[in-house]
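K.L.:
Have a look at this prediction, sequence included:
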Amino acid sequence: MYKVMAVNAGSSSLKYKLYEMPEEKVLCSGNVEKIGLPDAFFGIKFDGKAEKVQTAIPDHAVGVKLVLEALTKDGIVKDLSEIKAVGHRVVQGGKYFSHSVDFDEDAEAKITKLIPLDPLHAPAHLVGFHAFKEALPNAIAIAVFDTAYHQTMEAEDYVYPIPYEMTTKYDCRRYGAHGTSHDYLVHTAIKNYFGGKEKGTRILSCHIGSGSSLCAAMDGKCVATTMGLTPLGGVMMGTRTGDIDPSVMDYLCTCTGKSVDEMYDIFNKKSGLYGVGGIASGDTRDIEEQALKGNEQCLLAANLFARRVADFIGSYYVRMGGADLIIFSAGIGENSAWFRKLILERVQDALGLKIDYELNEKVRGVETVLSLPESKIKVIVLPTDEEVMIARDCAKRYENGHC
């Protein structure tokens, strides 16, 4: 047995989960939030207990130190040398990575080159990598890319209709995101519902939360996904626009006098359910609560979101020539019966779905078949687990090199 750490470093946060491998037993998990801010805090969960401490955390290196100190202080590990590998979630792998790789100088250089495609996350990933590498110099470091699973798309699914030299010169194309989640969902579903046989499967994976994307997978491989050059594209999300007419940018900049950078920030952080719903949080739970109380603006936001998801479900059904399984996952997909129903009602007649809506009302965060036996397509709720995919990639690398 050995231990591996799955890490997700954001611009001001650090989420982590420690596994005993190969059993995939979670030993602890937690997060470091608001790094660099006065109200920063460190949290950890283990043995059914949860601790949360507000403290000064000026940078990621201090956050990593707090995590590792807690592991030994709380007796989760006797010695940090027990951690044999650290897997880092990296949002953007560009054209370079179709699978996880050693986080070495070459990977670091390519991730650095990709910063213009992901200025929010990529620098944080690099900071997180260096912080853990300094603290655990003997542990293997692995980079696991959100975009990797989508590298099996064909050119007609990822090329934009812009001058082709711009596609090739600037690598401007659809990359997608949430690939680690979609990979987990698709292959867990193949194992659980198709006897582990990829061939002939047509699965539509809906990872819908504050960030949302859909993925069409045939024979276990991605053929299409909704997010684009960046996570701004695709379906409407918590604060992001999703796909819109490109001329909206120019028009609103002209109308408001705002710069492109200012408007881009609005499209990313103040649009989506937050922008249309018009309530301070933009949280889907608040949108749902207010909509059910008769708030017309929140109801419009919810219906618009459901329509956008339904439109992509229909599009991907055509792309695959049908579908055998539809998966709902992530924050909204796993936990909101109301949003699931809004979406399913919009596609059920066209796709021949028969849904047990009474059962749907009871399902929250538990793998469940929502469709009735006579449904033409099976519909399920399946909780995602990106961290275990990172841990598995770490385990493969460690075992190949040390066993």
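P.N.:
That came in fine, so what should we check first? Numbering: from 1, shown residues only.
K.L.:
mind showing which ranges of the stretch 151-300 of the chain have poor pLDDT?
P.N.:
Residue ranges of the stretch 151-300 of the chain with pLDDT under 70: 280-282.
K.L.:
Show me where it has its helices.
P.N.:
155-158, 164-170, 179-193, 247-256, 260-269, 272-277, 284-292, 296-320 (DSSP state H, counting those that start in this stretch).
K.L.:
Wait, Ser329 touches Leu382, no?
P.N.:
Yes - at 5.4 Å, Ser329 counts as touching Leu382 under the criterion of CB atoms under 8 Å. C-beta: built from backbone N, CA, C; applies to glycine.
K.L.:
Quick check: which element contains Val7?
P.N.:
strand 2-9 (DSSP states H and E).
K.L.:
Next secondary structure element downstream of that strand?
P.N.:
strand 14-21.
K.L.:
partner strands of the helix or strand following that next one, parallel or antiparallel?
P.N.:
The helix or strand immediately downstream of strand 14-21 is strand 25-33, counting by DSSP H and E. Partners of strand 25-33 in the sheet, by DSSP bridges, are strand 14-21 (antiparallel), strand 41-46 (antiparallel).
K.L.:
now those in JSON lines, with distance to Val91, mean pLDDT and mean neighbour count?
P.N.:
Shown next, in JSON lines, are the strands paired with strand 25-33 (distance: least, CB to CB, whole Å; pLDDT from 0 to 100; neighbours: other CB atoms under 10 Å):
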{"stretch": "strand 14-21", "distance to Val91": "13", "mean pLDDT": "92", "mean neighbour count": "22"}
{"stretch": "strand 41-46", "distance to Val91": "22", "mean pLDDT": "91", "mean neighbour count": "19"}
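K.L.:
Nearest to Ala306, out of the ones you listed?
P.N.:
Proximity to Ala306 (CB to CB) singles out strand 14-21 among the strands paired with strand 25-33, at 28.8 Å.
K.L.:
Specify the angle between that closest one and strand 2-9 in degrees.
P.N.:
On the basis of axes from the mean of the first three to the mean of the last three CA atoms, to 10 degrees, strand 14-21 is oriented at 160 degrees to strand 2-9.
K.L.:
Now strand 14-21 - C-alpha only, CSV.
P.N.:
Provided in CSV are the C-alpha atoms of strand 14-21 (Å, rounded to 0.1, in the frame of the first residue of the first chain):
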residue,chain,number,x,y,z
LEU,A,14,-6.1,24.7,-2.9
LYS,A,15,-8.3,21.6,-2.8
TYR,A,16,-6.8,18.2,-1.9
LYS,A,17,-7.6,14.6,-1.2
LEU,A,18,-5.2,11.9,0.1
TYR,A,19,-5.8,8.3,-1.0
GLU,A,20,-4.5,4.9,0.2
MET,A,21,-3.7,3.1,-3.0
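K.L.:
my guess is Ile111 contacts Ala122, does it?
P.N.:
Yes - between Ile111 and Ala122 there is a contact at 5.8 Å, judged by CB under 8 Å.
K.L.:
shared neighbours, those two?
P.N.:
Common contacts of Ile111 and Ala122, defined by CB atoms under 8 Å, 6 or more residues apart in numbering, comprise Val90, Gln92.
K.L.:
Those two - which one has more neighbours?
P.N.:
Shown here are Ile111 and Ala122; by other CB atoms under 10 Å, Ile111 has more neighbours (27 against 20).
K.L.:
tell me which element the more buried one falls in.
P.N.:
Here Ile111, judged by DSSP H and E, is contained in helix 105-113.
K.L.:
can you pull the buried residues of the helix or strand just after that helix?
P.N.:
Note on helix 105-113: by DSSP H and E, the next helix or strand toward the C-terminus is helix 122-135. For helix 122-135, burial by neighbour count (16 or more other CB atoms under 10 Å) applies to Ala122, Ala124, His125, Leu126, Val127, Gly128, Phe129, His130, Ala131, Phe132, Lys133, Ala135.
K.L.:
Kindly report the same for stretch 258-277.
P.N.:
Met263, Ile266, Phe267, Asn268, Ser271, Gly272, Leu273, Tyr274, Gly275, Val276, Gly277.
K.L.:
ok so, going back, so which of the buried residues of helix 122-135 would you say is closest to Gly238?
P.N.:
Set against Gly238, the nearest of these by CB to CB is Ala124 (19.5 Å).
K.L.:
I figured that closest one was touching His60, is that so?
P.N.:
Yes - between Ala124 and His60 there is a contact at 7.3 Å, judged by CB under 8 Å.
K.L.:
quick one: common contacting residues for these two?
P.N.:
Counting by CB under 8 Å, 6+ apart, the contacts common to Ala124 and His60 are Ala9.
K.L.:
of all the strands paired with strand 25-33, which lies closest to Val77?
P.N.:
Of all those, strand 14-21 sits nearest to Val77, with 7.8 Å by CB to CB.
K.L.:
residues near Val347, how many?
P.N.:
Residues lying near Val347 (other CB under 10 Å) number 20.
K.L.:
Which strands and helices lie in contact with the host helix or strand of it?
P.N.:
Assigned by DSSP H and E, Val347 belongs to helix 337-351. Secondary-structure packing of helix 337-351 (3 or more CB pairs under 8 Å, 6 or more residues apart in numbering; DSSP states H and E): helix 284-292, helix 296-320, helix 330-335, helix 357-362.
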